[in-house]
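Chemist: Below is the sequence, then the predicted model.
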Amino acid sequence: MLKSPELPDCFYLDKPTLIGPNTPTPKHSLYLSNLDDQKFLRFSIKYLYLFKKAVSLDILKHSLSKVLVDYYPLAGRLRTCSLDDQKLEIDCNGEGAVFSDAFMDITCDEFLEISRKPNRSWRKLLYRVEAHSFLDIPPLVVQVTNLRCGGMIFCTAINHCICDGIGTSQFLHAWAHVITKPTLDHSILPFHYRHVLKPRDPPQITHTHPGYTKNTLKDNNNNAHVDINQYLQSQPLVPTSLTFTTSHVLRLKRQCVPSLKCTTFEALASHTWRSWVRSLDLSPFLNVKLLFSVSVRKKLNPEMPQGYYGNGFVLACAETAVKDLVTPNLHHVVKLIQHAKSSLTDEHVRSMIDLLEDKNVKTDTSSSLVISQWAKLGLEDLDFGEGKPLHMGPLTSDIYCLFLPVVGNFDAVRVQVSVPECVVGKFEYFMKEGLENEENGDINGFHNGEQNSLI
């Protein structure tokens, strides 16, 4: 048993290596769409998997070199376009992905005990590439850490400008496929080209897009503007993690009066947004936003090609005054989220892509909670031949909220977000409020040993 949630150091036996495609791949520049290269996405998606039994390093390296033949842009490097230094492209040069292996003196069980809430010591589990800027970091970095018990922690950093959540899941499953089904062709081949999301010429901004704002000198001098995001970033942040079962979600849906047919995501996003706002004690007249990821792969006309692994999502935006959000009735908030989703028609998305031609336009995070959906992407089903993971989640936690899969319970959702240390108690209280099990007399309704409770 670990004496503290801090992980011990990793021991690196060798220096990291570059793994390139094992056969020659096309050498060219790959255009990135306006959804790909927006500044909001200029970071790497960092996944952490815990497996009970380690997979041979040689097998992982060899299979990676094979899958990179199909996914060769991930072996390239990001760069700015020669004609526009605000625009990014991929130099498909086959340089390779960074692969690092290490050992850590812990067991799977010890890691599982602390696995719900990431802390800074987890960063040891992913090799840090020394780089001057985001562009200098290879698009794919992998670290495999073998554990004392024979298990392994598998971490990846995948550049968000190249892949979204669906795309990363597609790539990781293709990698696993090379190991587990080496004689079978991939059922889904990657579609590389981003021109299906190219802006119109001239741009046609036919809709309003409240999820975006434009940088102006006036905005920079506006001291009256309330920037919640800036406040959050200035505080010591603490990760929170709460798991919601189907029975919890059902109780949330009962908070819609009159009753309203809604999805698990809509009910849980409404509740999380409400709890987050309540915990921050904001002015009742302040307008706040919820930005949440929605795949547009099937919303465009024609639909995006199968195998498209670039950013095929946009952030839908729901907006309301604090006083209308912090009521016990979720009906109003659920309707706002449903409207934000249904408004994402082909024309609306094309208008958004055209809007992003203006590089002064940016995602408006100033008074927004941002929710990213990692559940229902199949991420937790990854199997490199020694079984599915014991745990799957992010390497780090920050102010962006993640809806995560729960290993072994497809219908459950784990909500993870970092909030200021001074409000963490309030936020967790509001997230649990009203979801107690009516059969028991506990004031909070949450027993540590109860299977059907928030943990």
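Modeler: In hand now; what should we look at?
Chemist: All the strands of the stretch 1-150 of the chain, in order from the start?
Modeler: All strands of the stretch 1-150 of the chain, identified by DSSP state E, counting those that start in this stretch, fall at 17-19, 28-31, 44-51, 77-80, 88-92, 97-104, 140-147.
Chemist: Reformat these into JSON lines and put mean pLDDT and distance to Gly167 next to each item.
Modeler: From N, CA and C alone the C-beta is placed, and that goes for glycine too. Shown next, in JSON lines, are the strands of the stretch 1-150 of the chain (pLDDT from 0 to 100; distance: least, Cβ to Cβ, whole Å):
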{"stretch": "strand 17-19", "mean pLDDT": "98", "distance to Gly167": "19"}
{"stretch": "strand 28-31", "mean pLDDT": "97", "distance to Gly167": "14"}
{"stretch": "strand 44-51", "mean pLDDT": "98", "distance to Gly167": "9"}
{"stretch": "strand 77-80", "mean pLDDT": "97", "distance to Gly167": "15"}
{"stretch": "strand 88-92", "mean pLDDT": "98", "distance to Gly167": "13"}
{"stretch": "strand 97-104", "mean pLDDT": "98", "distance to Gly167": "15"}
{"stretch": "strand 140-147", "mean pLDDT": "98", "distance to Gly167": "12"}
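Chemist: Tell me which of those sits nearest to Gln230.
Modeler: Gln230 lies closest to strand 44-51 among these, at 23.3 Å (Cβ to Cβ).
Chemist: In this protein, mark out all the helices, start to finish.
Modeler: In the chain, the helices defined using DSSP state H lie at 57-70, 108-113, 165-180, 217-220, 228-233, 246-253, 264-279, 322-325, 331-342, 346-355, 424-432.
Chemist: Buried residues, the first one. List them.
Modeler: Translated: helix 57-70. Within helix 57-70, the residues that count as buried by 16 or more other Cβ atoms under 10 Å are 60-61, 63-70.
Chemist: next one: the second one
Modeler: Within helix 108-113, the residues that qualify as buried are 108, 110-111, counting by 16+ other Cβ under 10 Å.
Chemist: what's the closest of the residues you listed to Glu266?
Modeler: Phe111 (33.2 Å).
Chemist: before we move on, back to that, could you dump the strands of the stretch 1-150 of the chain into a markdown table and include distance to Phe313 and mean neighbour count?
Modeler: As requested, these are exported to a markdown table (distance: least, Cβ to Cβ, whole Å; neighbours: other Cβ atoms under 10 Å):
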| stretch | distance to Phe313 | mean neighbour count |
| --- | --- | --- |
| strand 17-19 | 28 | 15 |
| strand 28-31 | 18 | 16 |
| strand 44-51 | 12 | 22 |
| strand 77-80 | 19 | 17 |
| strand 88-92 | 18 | 21 |
| strand 97-104 | 24 | 20 |
| strand 140-147 | 20 | 23 |
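Chemist: Quick one: these as CSV, columns for distance to Lys335 too.
Modeler: Listed next are the strands of the stretch 1-150 of the chain as CSV, based on distance: least, Cβ to Cβ, whole Å:
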stretch, distance to Lys335
strand 17-19, 49
strand 28-31, 38
strand 44-51, 31
strand 77-80, 40
strand 88-92, 37
strand 97-104, 45
strand 140-147, 41
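Chemist: Which among those is found nearest to Leu404?
Modeler: strand 44-51 (10.6 Å).
Chemist: what's across from the residue lying closest to Asp37 once chain neighbours are set aside in the sheet?
Modeler: Distance criterion Cβ to Cβ, 6 or more residues apart in numbering; nearest residue to Asp37, sequence neighbours excluded, is Leu88 at 4.0 Å. Judged by DSSP bridges, the bridge partners of Leu88 are Thr80.
Chemist: these two touch, right, Leu88 and Asp36?
Modeler: Yes. Judged on Cβ atoms under 8 Å, Leu88 makes contact with Asp36 at a distance of 7.4 Å.
Chemist: For the two, list the residues in contact with both.
Modeler: Cys161 (Cβ atoms under 8 Å, 6 or more residues apart in numbering).
Chemist: about what we covered before: among the strands of the stretch 1-150 of the chain, which is nearest His173?
Modeler: strand 44-51 (12.5 Å).
Chemist: List the contacts of the closest one.
Modeler: Outside of strand 44-51, the residues within contact range by Cβ under 8 Å, 6+ apart are 108, 111-112, 115, 118, 122, 125-126, 137, 141, 151-160, 163, 165, 168, 172, 379, 382, 384, 386-387, 389-396.
Chemist: Among the residues you listed, name the buried ones.
Modeler: Buried by 16+ other Cβ under 10 Å: 108, 111, 115, 118, 122, 125-126, 137, 141, 151-160, 163, 165, 168, 172, 379, 382, 384, 386, 389-395, out of the contacts of strand 44-51.
Chemist: If you rank every helix and strand of the chain by mean pLDDT, what lands last?
Modeler: Least confident element among the helices and strands of the chain, by mean pLDDT, DSSP states H and E: helix 217-220 (a mean of 51).
Chemist: And the residue positioned nearest the centre of the chain, how far from Glu303?
Modeler: Among the residues of the chain, the one closest to the centroid is Ser372, at 5.1 Å (Cα atoms, centre = their mean). Here the criterion is Cβ to Cβ, to the nearest Å. By it, Ser372 lies 22 Å from Glu303.
Chemist: I'd assumed Val333 was in contact with Leu260.
Modeler: No. Using Cβ under 8 Å, Leu260 makes no contact with Val333, being 10.4 Å away.
Chemist: Which one's more surrounded, those two?
Modeler: Val333 (25 against 15; other Cβ atoms under 10 Å).
Chemist: That one touches Trp276, doesn't it?
Modeler: No. Val333 is beyond contact range of Trp276, at 11.9 Å (criterion: Cβ under 8 Å).
Chemist: re earlier: right, and the strands of the stretch 1-150 of the chain - which one's nearest Arg194?
Modeler: In terms of Cβ to Cβ, the element of the strands of the stretch 1-150 of the chain nearest to Arg194 is strand 28-31, at 5.4 Å.
Chemist: Paired strands for the closest one, with orientation please.
Modeler: strand 88-92 (antiparallel).
Chemist: can you list the residues that contact the strand it pairs with?
Modeler: With contact meaning Cβ under 8 Å, 6+ apart, strand 88-92 is reached by 25-32, 36-37, 72-73, 75-81, 135, 139, 161-162.
Chemist: now with 10 Å?
Modeler: Residues from elsewhere that reach strand 88-92 (Cβ atoms under 10 Å, 6 or more residues apart in numbering): 25-32, 36-39, 41-42, 72-82, 134-135, 139, 159, 161-162, 192, 194.
Chemist: Flag the shaky bits of the stretch 301-450 of the chain, pLDDT-wise.
Modeler: Where the stretch 301-450 of the chain drops to pLDDT under 70, the residues are 437-450.
Chemist: show me where the stretch 251-400 of the chain has strands.
Modeler: Secondary structure of the stretch 251-400 of the chain by DSSP E, counting those that start in this stretch: the strands cover 287-295, 313-321, 361-363, 368-373, 391-394.
Chemist: Throw these into TSV and include distance to Lys426, thanks.
Modeler: Output for these, formatted as TSV (distance: least, Cβ to Cβ, whole Å):
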stretch	distance to Lys426
strand 287-295	16
strand 313-321	20
strand 361-363	27
strand 368-373	15
strand 391-394	23
